[in-house]
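K.L.:
model the structure of this input:
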Amino acid sequence: MSEGAIRRIGFVGIGNMGWPMAANLLKAGFAVTVADAVPNRARDFAREVGGQAAAGAAEAAAGADAVITILPTSKHVAAVVEEMLEGLPAGAVVIEMSSGVPGVTRQLAERLAAKGCAMADCPVSGGVPRARMGELAIMAGGETAVLDRIEPVLQAVGTSVHRCGGIGNAQAMKALNNLVSAGGFLIGIEALLIGQKFGLDPALMVDALNSSTGMNNSTQKKFKQFVLSRRFDSGFGLDLMVKDLSIALEVGRESGTPTPFAALCREMWASAGTLLGPGQDHTAVAQLVEQLGGQALGGGNGSSQS
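P.N.:
Residues are numbered from 1 along each chain as shown. As a prediction, the model looks like this:
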């Protein structure tokens, strides 16, 4: 397998996260060919940002040193790997940056290895704002030599790379990270509702939390920006959070770890998806907590916020 430097990258999936990530790869000097399932999106990217547009994953992978996939689910990734497998050059690396299922990714890595290609799972955290700035946190799994080879690619889209071990380990870490994030979001919103009913101002509560031990990512970057503002438009879907929580529970089952709080957390997020309907931003889960409490943050009846 070739161990040369990566210069040509196929990028499959230029959605909310993929678009700014591919743009940062271009800024770093890589030759990037993009593909997306949404008609004309690849063409629009090439016109507005640069690089080349491909008609599909197979065309994006042709002649590439590496192919990045960042897609909604492992099912989508498996379909893309199948599409590009025959034309993928020997020695190429598939950098799987979706929040996927570790077991599926390991199976795909075996298929790629049989074709003389490598795979690394490198999911990201930080959301759209940090993707735009090239400041994502990246969790990386795979063989050390493969991770060494793709390090310049990862550094072009992120500021921290956490090597988690073998293939699939990084996706397990990402799911567990989102479990912690999801739990912190729910308990924080519940605390704001308790405080509001007691007579505290939710915005002042957020300020106090951010100067105290109750601070977390949600108090810092979500509560005022997307919940108290009633915008609910962070760019990360509620359905994707439920998917990640399901993966975290599966990791728990595979490791034989009791997960009572994780199961409750996942159930609440899934219930919010059922209550609010499809297409919701993940920050809209606050509306479930508001409805349970009978009051919306900032005043009003929580039942009117769906």
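K.L.:
can you give me the helices for the protein?
P.N.:
In the chain, the helices defined using DSSP state H lie at 18-27, 41-48, 57-61, 74-84, 102-114, 127-133, 144-157, 169-198, 202-210, 217-221, 238-255, 260-276, 286-293.
K.L.:
which elements pack onto the last one?
P.N.:
I take that to be helix 286-293. For helix 286-293, the packing partners by 3 or more C-beta pairs under 8 Å, 6 or more residues apart in numbering; DSSP states H and E come out as helix 169-198, helix 260-276. (Each C-beta comes from the backbone N, C-alpha and C, glycine too.)
K.L.:
deepest of those, which one?
P.N.:
Per residue and on average, the most neighbours among these fall to helix 169-198, with a mean of 20 (mean count of other C-beta atoms under 10 Å).
K.L.:
check the offset of that helix from the chain's centre.
P.N.:
Mean-position distance between helix 169-198 and its chain equals 16 Å (C-alpha atoms, centre = their mean, to the nearest Å).
K.L.:
okay if I get the helices of the chain as JSON lines plus distance to residue 232 and mean pLDDT?
P.N.:
Formatted as JSON lines, the helices of the chain follow (distance: least, C-beta to C-beta, whole Å; pLDDT from 0 to 100):
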{"stretch": "helix 18-27", "distance to residue 232": "21", "mean pLDDT": "98"}
{"stretch": "helix 41-48", "distance to residue 232": "24", "mean pLDDT": "97"}
{"stretch": "helix 57-61", "distance to residue 232": "32", "mean pLDDT": "96"}
{"stretch": "helix 74-84", "distance to residue 232": "25", "mean pLDDT": "96"}
{"stretch": "helix 102-114", "distance to residue 232": "30", "mean pLDDT": "97"}
{"stretch": "helix 127-133", "distance to residue 232": "14", "mean pLDDT": "94"}
{"stretch": "helix 144-157", "distance to residue 232": "26", "mean pLDDT": "98"}
{"stretch": "helix 169-198", "distance to residue 232": "12", "mean pLDDT": "98"}
{"stretch": "helix 202-210", "distance to residue 232": "15", "mean pLDDT": "98"}
{"stretch": "helix 217-221", "distance to residue 232": "13", "mean pLDDT": "96"}
{"stretch": "helix 238-255", "distance to residue 232": "9", "mean pLDDT": "96"}
{"stretch": "helix 260-276", "distance to residue 232": "9", "mean pLDDT": "97"}
{"stretch": "helix 286-293", "distance to residue 232": "8", "mean pLDDT": "96"}
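K.L.:
possible to save those helices as a markdown table with distance to residue 12?
P.N.:
A markdown table is the format used below for the helices of the chain (distance: least, C-beta to C-beta, whole Å):
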| stretch | distance to residue 12 |
| --- | --- |
| helix 18-27 | 8 |
| helix 41-48 | 9 |
| helix 57-61 | 5 |
| helix 74-84 | 5 |
| helix 102-114 | 13 |
| helix 127-133 | 16 |
| helix 144-157 | 14 |
| helix 169-198 | 17 |
| helix 202-210 | 38 |
| helix 217-221 | 28 |
| helix 238-255 | 17 |
| helix 260-276 | 26 |
| helix 286-293 | 33 |
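K.L.:
between those helices, which one is nearest to residue 94?
P.N.:
Set against residue 94 and scored by C-beta to C-beta, these come closest in helix 102-114, at 5.9 Å.
K.L.:
in TSV: the helices and strands packed on helix 286-293, plus distance to residue 213.
P.N.:
Conversion of the helices and strands packed on helix 286-293 to TSV gives the following (distance: least, C-beta to C-beta, whole Å):
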stretch	distance to residue 213
helix 169-198	12
helix 260-276	19
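K.L.:
residue 73: how many residues sit nearby?
P.N.:
Residues near residue 73, counting by other C-beta atoms under 10 Å, number 17.
K.L.:
contacts only, for residue 183.
P.N.:
Residues counted as contacts of residue 183 (C-beta atoms under 8 Å, 6 or more residues apart in numbering) are 261-262, 265.
K.L.:
at 7 Å instead, please
P.N.:
Applying C-beta atoms under 7 Å, 6 or more residues apart in numbering, one finds that residue 183 lies in contact with 261, 265.
K.L.:
re the thing from before, so which of the helices of the chain is nearest residue 7?
P.N.:
Among these, the nearest to residue 7 by C-beta to C-beta is helix 144-157 (9.8 Å).
K.L.:
got the angle for that closest one vs helix 102-114?
P.N.:
With axes from the mean of the first three to the mean of the last three C-alpha atoms, to 10 degrees applied, the angle from helix 144-157 to helix 102-114 works out at 110 degrees.
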